[in-house]
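A.B. asks: Sequence and predicted structure, then a few things I'm wondering about:
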8 protein chains.
Amino acid sequence: IPEVVWGPGKSADQIAMKLMSLTERQRVAIAARIDPATYSAVRMHAPGVEYNARARTLKLKSATAEQLPKPRRLPGSVAIVSADTADQAIAEEVRVLSDYMGAYSFQIRDVGAANLHGLLANVASLRAADVVVVVAGTDCALPSLVAGITQSPVIAVPTSAGFGAALAGMAPLLASLSTNTPGITLCNIDNGFGAAAMAVRILKMAARLHVVRSAAEAAAEAAVAAMHALDSARSASSPSEN
Amino acid sequence: IPEVVWGPGKSADQIAMKLMSLTERQRVAIAARIDPATYSAVRMHAPGVEYNARARTLKLKSATAEQLPKPRRLPGSVAIVSADTADQAIAEEVRVLSDYMGAYSFQIRDVGAANLHGLLANVASLRAADVVVVVAGTDCALPSLVAGITQSPVIAVPTSAGFGAALAGMAPLLASLSTNTPGITLCNIDNGFGAAAMAVRILKMAARLHVVRSAAEAAAEAAVAAMHALDSARSASSPSEN
Amino acid sequence: IPEVVWGPGKSADQIAMKLMSLTERQRVAIAARIDPATYSAVRMHAPGVEYNARARTLKLKSATAEQLPKPRRLPGSVAIVSADTADQAIAEEVRVLSDYMGAYSFQIRDVGAANLHGLLANVASLRAADVVVVVAGTDCALPSLVAGITQSPVIAVPTSAGFGAALAGMAPLLASLSTNTPGITLCNIDNGFGAAAMAVRILKMAARLHVVRSAAEAAAEAAVAAMHALDSARSASSPSEN
Amino acid sequence: IPEVVWGPGKSADQIAMKLMSLTERQRVAIAARIDPATYSAVRMHAPGVEYNARARTLKLKSATAEQLPKPRRLPGSVAIVSADTADQAIAEEVRVLSDYMGAYSFQIRDVGAANLHGLLANVASLRAADVVVVVAGTDCALPSLVAGITQSPVIAVPTSAGFGAALAGMAPLLASLSTNTPGITLCNIDNGFGAAAMAVRILKMAARLHVVRSAAEAAAEAAVAAMHALDSARSASSPSEN
Amino acid sequence: IPEVVWGPGKSADQIAMKLMSLTERQRVAIAARIDPATYSAVRMHAPGVEYNARARTLKLKSATAEQLPKPRRLPGSVAIVSADTADQAIAEEVRVLSDYMGAYSFQIRDVGAANLHGLLANVASLRAADVVVVVAGTDCALPSLVAGITQSPVIAVPTSAGFGAALAGMAPLLASLSTNTPGITLCNIDNGFGAAAMAVRILKMAARLHVVRSAAEAAAEAAVAAMHALDSARSASSPSEN
Amino acid sequence: IPEVVWGPGKSADQIAMKLMSLTERQRVAIAARIDPATYSAVRMHAPGVEYNARARTLKLKSATAEQLPKPRRLPGSVAIVSADTADQAIAEEVRVLSDYMGAYSFQIRDVGAANLHGLLANVASLRAADVVVVVAGTDCALPSLVAGITQSPVIAVPTSAGFGAALAGMAPLLASLSTNTPGITLCNIDNGFGAAAMAVRILKMAARLHVVRSAAEAAAEAAVAAMHALDSARSASSPSEN
Amino acid sequence: IPEVVWGPGKSADQIAMKLMSLTERQRVAIAARIDPATYSAVRMHAPGVEYNARARTLKLKSATAEQLPKPRRLPGSVAIVSADTADQAIAEEVRVLSDYMGAYSFQIRDVGAANLHGLLANVASLRAADVVVVVAGTDCALPSLVAGITQSPVIAVPTSAGFGAALAGMAPLLASLSTNTPGITLCNIDNGFGAAAMAVRILKMAARLHVVRSAAEAAAEAAVAAMHALDSARSASSPSEN
Amino acid sequence: IPEVVWGPGKSADQIAMKLMSLTERQRVAIAARIDPATYSAVRMHAPGVEYNARARTLKLKSATAEQLPKPRRLPGSVAIVSADTADQAIAEEVRVLSDYMGAYSFQIRDVGAANLHGLLANVASLRAADVVVVVAGTDCALPSLVAGITQSPVIAVPTSAGFGAALAGMAPLLASLSTNTPGITLCNIDNGFGAAAMAVRILKMAARLHVVRSAAEAAAEAAVAAMHALDSARSASSPSEN
């Protein structure tokens, strides 16, 4: 899983340095949770960086991208579900980072308890996703609603979008933890990176399991074929048994 | 609104005394939040009390019930929605107390985020209710889901049914407060009495408003009729105007 | 109930777009919780917006207002009670939004535990209101005081006006939830919009209930009249019974 | 101020020993916060103890009471105001302990936001008290209501009588701390002892201040009298000045 | 007790207006918790205001001060004890406001658990004070230390001066509430105004009690004198008794 | 995924009924979070239940097990890692329930920050697991330690095993949420059922993805083979091209 | 440092087993935090255990104690300071466990903010101690008071002895963390074992440092002596230099 | 231990004054927790101050440094371990202040649960340190990991570097307190000064203990030598004993 440079607590030149060092062996490197001022400062050190203001990510392409290995896309897909415009920054962070780490993802927006109609209209695509990330700060209902619709693993990212009793994200966090719908787990508040990393770990494990199983099945089939061949050979060499 | 005797913090004889004094002017009196041991103790002082173990309420009928005025049932209805078997005690408390305070109520059980199907099957009866009380301890999603379906006022009662991060009911409480679906208000944790009282206040206000409006409309109609009569009279008495 | 555009988490152009789209089918549209800087930015996209600095709301009138249906005012009234100058912004938000959603409202200011005299001077107007919204950040006593005076439903809006142990509004929130006066429910801290929406839901339900009851009563009266007519007819046709 | 034996954390024989040692120099000794089981155990060691089950206090009279100095009652009085039956144990603790420490006290019960009428009926006696202790667990309004009525110092004792969001007394505690009525200070939850001790400290200080002031005033009067006498003497001895 | 204008939540012109209206019947008026920017704005409306930057108070003198009654200073004194330079603003607020409300006060600074020596050096002046206000944000020990030294009532004002686990003042607040030294009560965090108001209420009550007692004692003395006179008269008129 | 009967909040006969109804279509049914007293009560209604005292689960075998379909075991494995003897009940709950829901699982016990040696000795088996569940109440370090060792998805279950500042499990919960090791998500405190359900959802998704991919690969191979065959056929049928 | 068997979360036979296994290589083994019921159960498996009811510890002596190495006592001493009778159990736990782990310790009891006199009477013995453990649940002042008196490292153990706002020990915990007296560190609430372990780690480090330093000094002295000897030898062998 | 000037809550001239007064008797004085703006202001009063922007400390050298006593370095060493770049400011604060207070210290950076390899590579230097300070805001695992590796006392400094559920440092604080690895104690969040002070107290105590022990050992050796000499003398004077 390619490394993500986490911005908070790092100076602009530390971020630039890290991105440049990563692009020596990767086609592209990404830094997360970068505010506009830090972007301006990083650009001084690494002029090629591109800023995604919504996801608050920085991207640096390698100068020698052509010689570097092309990363393989993981099998399976990640649905990123969100209810509120205010949760879009985190949803976008999940999308950019899971894409960077090799997963295919797509967004389902503006659905939830307050827009149940919209959610029901997306049941099919929701069920088609192999992992579902639910980003929700004020719609505490969304993670359990989604987990009731799909059988895939659901990762909830509570956000700090609410106010007052939302306690900067603690309310949706506690609510999702205490729901009685089994099969939901949580990341930290606003932790789109963590959700993307978990989704990628799951898909990667599935891919690995696939390779192992395919090999095992191939071996099993070969063994069966061999046994059959042996049986045929035996029967051929013992005509008297008939 | 008839008084409810609140049990916690009162001794058995205080409860019995209060119930008996209430039955001097009411056909029946009710005490709430009574555990089995208190019931046994109250029965020593007031042998006629009946115990509803699920709602944890005591009922005492007046000896002179026949002479006492029959309370009038309020217009409108209260739907009591709950998700979890563990929330049934509180839902039952809402039902018994709102009934006692004069409101017609009915329950919708075992619906919620984990049983969206069940909830959708009850949309019609939900929308028919004039006030909706949602009792939910682990399904933090239910109040906002219900508020998204009906246009009636929604009263949420968080319960202490969850465990761990549910923080004895604080998680569903904070979640319902921070939801972005407008038109939900909250009672204290496990406060079925408070929810029933609010529902009754709402229906009573509606009934009062009805009386006022009906009177106003009747007056308006009478005025119109009078004006028409006057017009007729005028036209009858002034044939020359044609 | 007409939609309110909730400002937080939306960009200025998203707010402007939403307001303009609403004015295609409404005479006026409103956005809530708008700070002065956002107002300036929205004005660039929708020059006609008007700003209410105290309520922090934006209003946009439709260009084709004359062709659009005039909304009907709901029967009944909402009293908005507040204790502290610091709570005025939220009280004003309740007023502007409940007005926009069709309810008649009026304010009672500077009353409370510290000014009990002022509160008692307003008992009559308080009791005349069909729904009471109490906005209180430092006077934790006000909601239960008001609920003790009126029999109408009381909606408390705790505010973040206090300091220190007020914990940004959690103290009045918890205090109102744990009061032993039945018939109070709560909104989130500073959630004037939520309180207005609940008040409007209540009044709307009362209006609907009125229509249903009036129809039912008219039907009942007609039935009685018909029965009487039938009786008269019967007695007329059977003179021998005398 | 006579010592109170605080029960929690002490064994029965430690409590008995302490009480008996106190009665060597006092006519009576008291232990606070004693549950019935501890009382039974203490009685084994000190058979003369008397138990006040409501205040949860133990009293031991000295065998040589007659020879011991009679404590003097402090000037002034303490009003103990409470709203809820469930707060009576703490109100009684305040009464018993302030009485033991030398203060005259009286109770005002069952008043509060939910019974404003009852509170207003007691305004005169409330204003007559020199110190007011307000014991309130669910009626978070009471301390500020009382402080708005009287000009005497108000000591609030939040109690753990509420449930759910009352957070075992933290809600009334935070509410009283954040009220905007000046002149209220707080004790710990259920700390009737602390409130009594503060009331006694206040009355004792007032008594001391009185002694000092009376002495000062007597001296001033004597000085004035002396000056007058001197003047008289002078005028007597100098008749020629006329 | 003269009114203090509380700044937070009020606009500059509201503050100016209030101060000017107070100076119509008082020689001087004071506003509390005023930041420098608000001071500048208030000065536009009321040019005569003086700013105390440390106490964050505004003072406005009446134009007609000479005609207004001179307030009387209360008997007794208030000691204001603080440990930390960071607590000085609040200590100064207590001093300015208690002075304004009529009490004599003096400060004891830089003492505490970390400077026990300094505290012990001030024992005499501490014991001489009739009310003690302890302002402490990081030295959670100070209120109980002081209460152990003096028998006068102790009012603790926790401050937000600490960091991290001080939780913006909640740590010293909880610590002072849970101390086992009886006779301490608390104000809200940083609430110098509340502490001053409580101190003044206490001293005022003591003054009133003094007047009452002096009158009672004078009456008693007069009665005794009268009785003696009567006795003398009796013995004079009945010489045969010898 | 087979249904688990969740015990808390259900009566013994409700649990028994539910188990018996499940065994009509499953070979075995399981109830979770059952204390010994409830087990005794359930046994009255369903005598065949077996109790696992460590995992606190009940198992009921179907009378007609032979006719019912044998559930298929999911591919892949779940490692259940725990540090403390006190966490064993929850670890066992994860094991029993994930086994029941079709997953192969194995335990790694007594490892952690305090026994780093033991953890390092298990690196190989840890890395071999496809999903890792970490059960930890006092060793807040374990989830991030494990996530640093394996690339598989890690599900943390904080437990209430600690004391004091562990705040009944909130400390390990918050610690795991705020860790900077990406790829960990959380369940509620003591929620072994939730962790097992998430692990099963992940393995099930992987199995489904495998089926889809195998089919896709088979189709692709067939297509390639067909193309080759076509090519061969083409080259065979067009000898003139040489 | 000899291992302590921590009781909570272990069954009686697990505790007995562990103790017996430890006594195979130690003269004595100890288990901590054992309630009386567990003691009775452990005694069934290991009849030789002795119970210290105050410290809640179990001690098992080895059958072959004579053949086992006698542990060496560490240089230096530990003072265990406590204020309140209710804190004695934890203070005793510190004493028993630090003694078992090889440290000499002594107790200073009943001192604190409420008994400053007692504390000052113990200044000499406090300063003589090399490590000071302060056990305090209600006297939040004690750790900083002690740290102001001694220059030795101070370890605070907050206890759950307080009530109400003490929040089961969180108040003294937060208070000690936020004190401005440098040189105090904390253990978990009621964690006497942790404090003893830290004290022993400190003394052990000091002992080790002593050995290293003594060796270094001896080497240095030897080197100096050798140099001097060399110098003498040189001067002896080179008389011509004079 | 030389005094550190703590910046927060002090004005620039108070800081400058304090530093200058300290340099009258010390070669160098240090102020901690100084932000850049305060540095600029202090420089106006004390031009010679040097600013360490990473540690946020100010240093002022004495003008008469040559005449002042040179402080002695304490025996032993302090390892400062940190995981995250974001924790470097606090780690640097520990380093600068412990150096100033006389201790030798060295840093181990970028190690932790997420970089276990790095930690294991530093085991030797970690074990060589006499006191270990662990600075960790997001890697809640680090303190217990380190305490499992070394036998020296471990002082944890939780930092506010995390986000969301890290609750500004409360999460690592609670986690370290509740860990089951004995021998860790804590400072306040971000309190590098406190950790340095504790480390210095420990090393100072060890140095003092060394002096005492060396003297005791020298005395003991001298006594032994004397006894031997006496024995020799005795045997020399009594040749007949052979």
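C.D. replies: Right, received. Where do you want to start? These numbers come from a predicted model, not from an experiment.
A.B. asks: How is chain A divided into domains?
C.D. replies: As given by automatic domain parsing, the domain ranges for chain A are A:5-67, A:77-201.
A.B. asks: Residue H:57 is nearest to which of those domains?
C.D. replies: Checking the domains of chain A against residue H:57 by Cβ to Cβ gives domain A:5-67 as the closest, at 18.4 Å. All C-beta spots, glycine's among them, are computed from the backbone N, C-alpha and C.
A.B. asks: buried ones in the helix or strand encompassing residue A:42?
C.D. replies: Using DSSP states H and E, residue A:42 sits in helix A:36-45. Going by neighbour count (16 or more other Cβ atoms under 10 Å in any protein chain shown), the buried part of helix A:36-45 is A:38-39, A:41-43, A:45.
A.B. asks: How about stretch A:113-131?
C.D. replies: With burial defined by 16+ other Cβ under 10 Å, the residues of stretch A:113-131 counted as buried are A:113-116, A:119, A:122, A:126, A:129-131.
A.B. asks: now, which of these lie within helices?
C.D. replies: Applying DSSP state H to the buried residues of stretch A:113-131, the entries found in helices are A:116, A:119, A:126.
A.B. asks: Determine whether any part of the helix or strand of chain A with the lowest mean pLDDT lies close to chain C.
C.D. replies: Least confident element among the helices and strands of chain A, by mean pLDDT, DSSP states H and E: helix A:192-237 (a mean of 82). No. Helix A:192-237 does not reach chain C (Cβ under 8 Å from any Cβ of the partner chain); its nearest approach is 15.4 Å.
A.B. asks: do you know how far the closest residue to residue A:206 other than its chain neighbours is from residue F:77?
C.D. replies: Of all residues not flanking residue A:206 in the chain, residue F:206 sits nearest, at 3.7 Å (Cβ to Cβ, 6 or more residues apart in numbering or on different chains). Counting by Cβ to Cβ, to the nearest Å, the separation of residue F:206 from residue F:77 is 11 Å.
A.B. asks: Compare these two (neighbour count), which wins?
C.D. replies: The neighbour count for residue F:206 versus residue F:77, taken as other Cβ atoms under 10 Å in any protein chain shown, is higher for residue F:206 (27 against 20).
A.B. asks: can you list the residues of chain A near chain D?
C.D. replies: Checking chain A against chain D by Cβ under 8 Å from any Cβ, there are no hits.
A.B. asks: can you list the weak-confidence ranges in chain A?
C.D. replies: Counting by pLDDT under 70, chain A has low-confidence residues at A:217, A:219-220, A:222, A:238-242.
A.B. asks: Recalculate using a threshold of 80.
C.D. replies: For chain A, the stretches flagged by pLDDT under 80 are A:210-242.
A.B. asks: Look through it and state the residue closest to chain D.
C.D. replies: residue A:165 (10.7 Å; Cβ to the nearest Cβ).
A.B. asks: residues in contact with the residue nearest to that residue when sequence neighbours are not counted?
C.D. replies: Closest residue to residue A:165 apart from its sequence neighbours, by Cβ to Cβ, 6+ apart: residue B:177 at 3.8 Å. Going by Cβ atoms under 8 Å, 6 or more residues apart in numbering or on different chains, residue B:177 touches A:164-166, A:171, B:186, C:173, C:186-189, C:191.
A.B. asks: Among the residues you listed, pick out the one closest to chain E, please.
C.D. replies: Of all the contacts of residue B:177, chain E sits closest to residue C:189, with 15.1 Å by Cβ to the nearest Cβ.
A.B. asks: Test my guess that residue A:174 contacts residue B:162.
C.D. replies: No. Residue A:174 is beyond contact range of residue B:162, at 9.3 Å (criterion: Cβ atoms under 8 Å).
A.B. asks: any common contacting residues for those two?
C.D. replies: Shared contacts of residue A:174 and residue B:162 (Cβ under 8 Å, 6+ apart): residue B:171.
A.B. asks: Which parts of chain A are strands?
C.D. replies: Taking DSSP state E, the strands of chain A run over residues A:4-6, A:28-32, A:50-52, A:57-61, A:77-82, A:104-108, A:131-136, A:154-158, A:184-186.
A.B. asks: Same list (these) but as a markdown table, adding distance to chain E.
C.D. replies: Listed next are those as a markdown table, based on distance: least, Cβ to the nearest Cβ, whole Å:
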| stretch | distance to chain E |
| --- | --- |
| strand A:4-6 | 23 |
| strand A:28-32 | 27 |
| strand A:50-52 | 34 |
| strand A:57-61 | 31 |
| strand A:77-82 | 32 |
| strand A:104-108 | 38 |
| strand A:131-136 | 28 |
| strand A:154-158 | 22 |
| strand A:184-186 | 25 |
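A.B. asks: Residue B:103: which of the ones you listed is closest?
C.D. replies: Using Cβ to Cβ, the nearest of those to residue B:103 is strand A:131-136, at 34.4 Å.
A.B. asks: The closest one near chain C at all?
C.D. replies: No. Shown here: strand A:131-136 not in contact with chain C (Cβ under 8 Å from any Cβ), separated by at least 12.3 Å.
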